[in-house]
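Visitor: Structure of the sequence below:
(2 chains)
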Amino acid sequence: MPLIVLICVYAVSTLGLVLIPGVDDQGQVWRMDFFHAFYFVSFMGSTIGFGEVPYPFTPGQRMWTLVCIYATVIAWLYAIGSSLAILQDKGFLRLMRSRRFTQKVKALKEPFYLVCGYGTTGREVVLGLERRGIRSVVIDIRQERIDSVELEEWALPAYSLCADASLPDNLDMAGLQKSNCLGVLALTDRDNVNLAISIASKLVMPKRLVISRSENQVTTANLASFGTDLVIDPFKKFADYLGLAVRHPHQHLVIDWLLNPDHRPLSSIYKHAKGRWVLCGYGRFGRALANAMKSDETEITIIEPDATRAGERADWVKGVGTEAVTLTAARVADAVGIIAGTPDDADNLSILMTARQLNPKLTTVVRQNQAANKLMFDNSNADYVMQPGHTVAIQILAHLRTPLLGLFFDHLRQMDEVWSHTLINRISDAVGDTRVDSRSFVVGDEQTPAIAAAIRAGQTVNLRVLMKKPNDRTKELECFALLHKREAEVQLTPGELLELQLGDELLFCGQYADLKSQLWTLENHQTLSYILTGQNDNPNPVLRWIRSFNA
Amino acid sequence: MNREKVIFAFFIVLALTLNVGFVVGDVDNPAHHEVLELFFAIVVSLVCTVLKFGDRSHLGALMLATSLVADLQLIAAGAIWGYYAHIAAAGMTGDAMASVVSFAAGALVANIISVVLLVIETVLVRR
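Guide: Residues are numbered from 1 along each chain as shown, chains lettered A, B, ... in the order given. Model prediction:
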């Protein structure tokens, strides 16, 4: 519309100048032609104004020019104004952003993960992936979160888009159908959105890895029914994790070491005191925690302001837990531990401090909800600070890095404390104070070409081979196998004499450097042959011929 | 009746009729070709182009393309006219007129396609 107005105003002005008779320098009647008229209107309309050319105007021409000046200036202002309005229009800006995003994703050649939902968990996962050199594409429905992605200073900046991830079109724009998309992580805080993302991903790309967050059992079952690779219920998962710390401290430590990059020292293990615990806050999280801690010798007293929630428990006190009165009523003085698990960080810290005054010997566990409050929690001297978002994030990252880890944990839970204690000592011997790393692989041409070739050639390769140093086979690598899987059969900490077969899956743990040098044995034929025979097998016939003289 | 459609069709047909009006006559005879008509043809053709913006259908893209071609041809014709009438020493000769008219004739073809497409669209939509 503004352009049409501009064209019309110019046309009428030019035409007017052509039609109105003028006078030339000799006093003759002279009509302006189109060329000069258009020239005049052009410089007049843009307010440049070279004057009355080629001859001074008659009063009639000047009158028309007066009209034209105002008409063209207004038309220009109108045209510029409305095009500026288009540029500032929210919808237009969004369109431009999503266009740029689509182009960037389309141009992406490297492998990436599609992360939907950029909350505490989402952010940690993206950060963890970035540290490992894998890019993420982030979708979140809230603009301020997307802004925070754009403000991060990462070597591999994540591509981000503010959009509703439950719409398949938006997922498609974010590269759902691209072959280099490694997996889809549905981490929004809405179950139905996560469900929609997982379904869309599994329908479009059935083999693609999908990890989804789910907060209730119906969704969890639904997600599992169509083959979602990992379903994580943050409340339940975290409650399990914490419940384990209280009931099976060694088992918990094994899991914690394998999951967490910076693990806690062996000495930090809980002195498992039998007795009663006080749990503040009985919402979704508190309930899951109470269920996880349900064991014969652990009694729980609940502190909860909402009677309708806590009514199902026999032993409960009404209140928040921040005042001494409530805590005394919950008999803090003779409890062994307190869990400050309300959704409010200030309340939790207050509970912690009050409770410690009443009973200094309490084991204290505090829940941290906001990542921004880290400083306060670091100085709170609590025995254990729990961050649900963080726990979920490291579990996801561990699953992405080492898929067999989850299977190992499932089996670990069935073992007793003594077994876990032995295992933790063994890991501790292997790694000392450095960080524990883990890696899983499948014996086959893709991941272990050297071993696959040796097995095909009829050689026996047992597990011990994988634990020798590639540069000196008399020495051992500081690593060992945690799990061996052959078809459906799973064995924990398999023995050194186990013979490998094609298709076996193995999970190793140990020092990062040692796991790295293990790759030589897995991938390099010469290294493997040296470890198997003690001699450097050279594939070059000339060199072999020369060596035969020496022998 | 849709007023928008009427205006749209009006301008497209007008662009064609003006164009025909200018081209008709001896190709090298300046007396047969009215400069005013060329001016109007250019203006209407520009308006048509703007009217065709924003339609993202395939047919819409085709119509926009024909309109752009017509603009280009007509503006070239106008520029040649301006050059011979005011800048070249020889003035408006028969040769110069012939090249102006041939450019305008090219625009005529584009305008005919434009109208044909308009008719096709109308037949397809039937509303």
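
Visitor: tell me what the strand or helix carrying A:Phe377 is packed against?
Guide: Per DSSP states H and E: A:Phe377 is located in helix A:374-378. Secondary-structure packing of helix A:374-378 (3 or more C-beta pairs under 8 Å, 6 or more residues apart in numbering or on different chains; DSSP states H and E): helix A:345-358. Glycine gets a C-beta too; all of them are placed from N, C-alpha and C.

Visitor: could you give the mean pLDDT of the helix it packs on?
Guide: Average pLDDT, helix A:345-358: 87.

Visitor: what's downstream of it, the next helix or strand?
Guide: Scanning onward from helix A:345-358 (DSSP H and E), the first element met is strand A:363-367.

Visitor: what residues does that following strand touch?
Guide: For strand A:363-367, the surrounding residues in contact (C-beta atoms under 8 Å, 6 or more residues apart in numbering or on different chains) are A:242, A:270-271, A:273, A:281, A:285, A:336-342, A:348-349, A:351-352, A:355-356, A:377, A:380-388.

Visitor: Just the ones in strands from the residues you listed, please.
Guide: Assignment to strands by DSSP state E places the following of these there: A:Gly337, A:Ile338, A:Ile339, A:Ala340, A:Tyr384, A:Val385, A:Met386.

Visitor: near chain A, which residues of chain B show up?
Guide: Neighbours of chain A within chain B, by C-beta under 8 Å from any C-beta of the partner chain: B:35-36, B:39-40, B:43, B:46-47, B:50-51, B:53, B:78, B:81-82, B:85-86.

Visitor: For the buried ones among these, write the corresponding PyMOL selection.
Guide: Buried residues within the residues of chain B next to chain A, by 16 or more other C-beta atoms under 10 Å in any protein chain shown, are selected in PyMOL with:
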select buried, chain B and resi 35+39+40+43+46+47+50+51+78+81+82+85
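
Visitor: Which of the residues of chain B next to chain A fall within helices?
Guide: B:Val35, B:Leu36, B:Phe39, B:Phe40, B:Val43, B:Leu46, B:Val47, B:Val50, B:Leu51, B:Gly78, B:Trp81, B:Gly82 (DSSP state H).

Visitor: Take those residues and write them to CSV, including pLDDT.
Guide: Listed next are those as CSV, based on pLDDT from 0 to 100:
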residue, pLDDT
B:Val35, 86
B:Leu36, 88
B:Phe39, 90
B:Phe40, 91
B:Val43, 92
B:Leu46, 91
B:Val47, 90
B:Val50, 88
B:Leu51, 86
B:Gly78, 91
B:Trp81, 89
B:Gly82, 86
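
Visitor: pLDDT wise, what is the most far-flung residue of chain B relative to its centre at?
Guide: Ranked by distance from the centre of chain B (C-alpha atoms, centre = their mean), the top residue is B:Ala89, with 28.5 Å. As predicted, B:Ala89 sits at a pLDDT of 80.

Visitor: A:Thr301 against A:Leu279, yeah?
Guide: Yes. Contact criterion C-beta atoms under 8 Å: A:Thr301 and A:Leu279 qualify, at 7.0 Å.

Visitor: And those two? Which one has more around it.
Guide: More neighbours surround A:Leu279 than the other of A:Thr301 and A:Leu279, with 27 against 20 (other C-beta atoms under 10 Å in any protein chain shown).

Visitor: any idea which element that one lies in?
Guide: Taking DSSP H and E as the definition, A:Leu279 sits inside strand A:275-280.

Visitor: Does anything pack onto that strand? Which helices or strands?
Guide: So strand A:275-280, by 3+ C-beta pairs under 8 Å, 6+ apart, packs with helix A:284-292, strand A:298-304, strand A:337-340, helix A:345-358.

Visitor: Strand partners (parallel or antiparallel) of that strand?
Guide: strand A:298-304 (parallel), strand A:337-340 (parallel) (DSSP bridges).

Visitor: after the first one comes which helix or strand?
Guide: Put plainly, it is strand A:298-304. Per DSSP H and E, the first helix or strand lying C-terminal to strand A:298-304 is helix A:307-310.

Visitor: Now find how far off-centre that following helix is within its chain.
Guide: Relative to its chain's centre, helix A:307-310 lies at 35 Å (C-alpha atoms, centre = their mean, to the nearest Å).

Visitor: what does the one helix or strand A:Ile455 maps to contact?
Guide: For A:Ile455, the element it lies in under DSSP H and E is helix A:449-456. Residues external to helix A:449-456 that are found in contact with it (C-beta under 8 Å, 6+ apart): A:443-445, A:461, A:500-502, A:521-525, A:527-529, A:532.

Visitor: and the most centrally placed residue in chain A, what does it touch?
Guide: Central residue of chain A (C-alpha atoms, centre = their mean): A:Val125, 2.8 Å from the mean position. By C-beta under 8 Å, 6+ apart, the contact set of A:Val125 is A:Tyr113, A:Val115, A:Ser136, A:Leu185, A:Leu187, A:Ala393, A:Ile396, A:Leu397.
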